[in-house]
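> build me a structure from this.
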Amino acid sequence: HKVAALKNGYALLGQHKYQLASAFFLLGGKVQDSIEICINNLKDVQLGLCIARIQSEACLTRIVGETLLPQACEQNRYCLSMLY
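Below is the predicted model of the structure:
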């Protein structure tokens, strides 16, 4: 069933249905891919953070290190407030 979920996720990516694609990647066990879709395609860092907090501590530290910290250093107050 996981393989079918991943195939559907890739098909939905091709159709630019990013919310559904992210959900199918979660069902398929690809948490990091789901988070990357939220951050890169949906431009929704908060959703990516929520998924990371629920699913994986390693993904959470990766998001903070790769996405939020660099943006906060560029004086992005929104990202800075999420780090607080």
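> please count neighbours and contacts with C-alpha atoms only from this point.
OK.
> buried ones in the longest helix along the chain?
In terms of residue count, the longest helix belonging to the chain (DSSP state H) is helix 2-14. Buried residues in helix 2-14, counted by 16 or more other CA atoms under 10 Å: 5-10, 12-13.
> what helices or strands is that helix leaning on?
Helix 2-14 sits against helix 18-27, with contacts defined as 3 or more CA pairs under 8 Å, 6 or more residues apart in numbering; DSSP states H and E.
> how far does the helix it packs on sit from the chain's center?
10 Å (CA atoms, centre = their mean, to the nearest Å).
> please name every helix or strand in contact with the very next helix or strand once past it.
Later in the chain than helix 18-27, the nearest helix or strand by DSSP states H and E is helix 31-36. Judged by 3+ CA pairs under 8 Å, 6+ apart, helix 31-36 is in contact with helix 18-27, helix 45-55.
> in this structure, where is pLDDT below threshold?
84 (pLDDT under 70).
> residue nearest the centroid of it?
residue 35 (1.5 Å; CA atoms, centre = their mean).
> residues touching that residue, list them.
Shown in contact with residue 35 (CA atoms under 8 Å, 6 or more residues apart in numbering): 22, 47-49, 51-52.
> nearest to residue 41 among the residues you listed?
residue 22 (9.9 Å; CA to CA).
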